[in-house]
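Visitor: got a structure for you, letters missing:
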């Protein structure tokens, strides 16, 4: 070998240095990308041992309920704490649905129209998107004319100001309602307790209670009620004016327990 071109032992070739620089830079870039992915809020979510990412589990606006004005809202088979209010200043359906830990519950709505009337059903889903029973803390605001169809399986239910058709079924629940003014209402209470107050005399009201304690409050200003009662092993006390020819009809069916009908 020519001594002029000989390379001292241990010294890397210029070519090796030139090639090594871009390779090192590439390795650094890859390492940064991997580190960023591992530190991302959603990293690892969806893989065994990791909880699902909130956005992927619940979607944008998790725990939020929004819908245009509808004729009837349906809550079927819910449990937990349910609060539904209605007033003249509200022109759409809105609310929140939170779990026991305060996180948003994945909610979807299903809307159908029949004979010109629109019904919106509130549904809940698990992290995989499959429907499951709704349970948690639900707060809803409705337009004053919107009706409610509710089946509450356990917990607490508070209703305020509902003016549309009302159909409520509760079991093992504490039901409280004030300021109701629907033309037609049907209330079924099994076990638990209920205190239901109307601010407007209903044209037709049907009440069915089984093994429950209930107070029903009806306005009496200029209103009498055509009341029919069927009671078995129950205590029924009607203290509102009764008039068999009245335009306001109240049907009471009571099996065990007690029912008091008082002036509002």
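Guide: That came through, no problem. Keep in mind it's a predicted model, so treat the numbers as computed, not measured.
Visitor: got the contact list for residue 74?
Guide: 119-122, 149-150 (C-beta atoms under 8 Å, 6 or more residues apart in numbering). Yep, even glycine has a C-beta here, placed from its N, CA and C like the rest.
Visitor: Could you save those residues as CSV and add columns showing neighbour count, pLDDT and secondary structure?
Guide: Conversion of those to CSV gives the following (neighbours: other C-beta atoms under 10 Å; pLDDT from 0 to 100; DSSP: H, G, I helix; E, B strand; the rest coil):
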residue, neighbour count, pLDDT, secondary structure
119, 16, 95, strand
120, 20, 95, strand
121, 16, 94, strand
122, 21, 92, strand
149, 18, 98, strand
150, 22, 97, strand
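Visitor: Tell me the predicted confidence for residue 129.
Guide: Listed pLDDT for residue 129 reads 76.
Visitor: count of residues packed around it?
Guide: Each residue near residue 129 was counted by other C-beta atoms under 10 Å, and the total is 10.
Visitor: Roughly how far does the residue nearest to the spatial centre of the chain sit from residue 128?
Guide: When the chain is reduced to its mean C-alpha position, the nearest residue by C-alpha atoms, centre = their mean turns out to be residue 138, at 4.2 Å. Noted for residue 138: a distance of 22 Å to residue 128, by C-beta to C-beta, to the nearest Å.
Visitor: Looks like residue 227 contacts residue 250 (just checking).
Guide: Yes: Residue 227 is within contact range of residue 250, at 4.8 Å (criterion: C-beta atoms under 8 Å).
Visitor: and for those two, which residues touch both?
Guide: In contact with both residue 227 and residue 250: residue 261, using C-beta under 8 Å, 6+ apart.
Visitor: which residues sit in contact with residue 138?
Guide: For residue 138, the contact set (C-beta under 8 Å, 6+ apart) comprises 65, 75, 78, 80-84, 95-97, 122.
Visitor: ok, back up a step: run through the bridge partners of the residue nearest to the centre of the chain.
Guide: When bridges are assigned using DSSP bridges, the partners listed for residue 138 are residue 82, residue 97.
Visitor: ok, now which ones touch residue 64?
Guide: Each residue near residue 64 by C-beta under 8 Å, 6+ apart is listed here: 95-97, 104, 107.
Visitor: can you tell me which two in the residues you listed are farthest apart?
Guide: By the measure C-beta to C-beta, 95 and 104 form the most distant pair in the contacts of residue 64, at 11.5 Å.
Visitor: Next, count neighbours for the closest residue in space to residue 180 that isn't next to it in sequence.
Guide: The shortest distance from residue 180 to any residue that is not its chain neighbour, by C-beta to C-beta, 6 or more residues apart in numbering, is 4.7 Å, and that residue is residue 198. When counting by other C-beta under 10 Å, one arrives at 21 neighbours for residue 198.
Visitor: same deal with residue 125?
Guide: Around residue 125 sit 17 other residues, with neighbours defined as other C-beta under 10 Å.
Visitor: Model confidence for it, exactly?
Guide: Each residue has a pLDDT score; the one for residue 125 is 80.
Visitor: now it, which residues is it bridged with?
Guide: Listed beta-bridge partners, residue 125: residue 131 (assigned using DSSP bridges).
Visitor: does it really touch residue 109, like I thought?
Guide: No: with contact taken as C-beta under 8 Å, residue 125 and residue 109 are classed as non-touching, separated by 11.5 Å.
Visitor: how about the strands of the stretch 1-150 of the chain, start to end?
Guide: Counting by DSSP state E, counting those that start in this stretch, residue ranges of the strands within the stretch 1-150 of the chain are 64-67, 72-87, 93-98, 107-114, 117-125, 131-132, 135-143, 147-160.
Visitor: And these, which one averages the lowest pLDDT?
Guide: Set side by side, the strands of the stretch 1-150 of the chain give their lowest mean pLDDT on strand 131-132, at a mean of 86.
Visitor: by contact count, what packs against that strand?
Guide: Taking 3 or more C-beta pairs under 8 Å, 6 or more residues apart in numbering; DSSP states H and E as the contact definition, the neighbouring helices and strands of strand 131-132 are strand 117-125.
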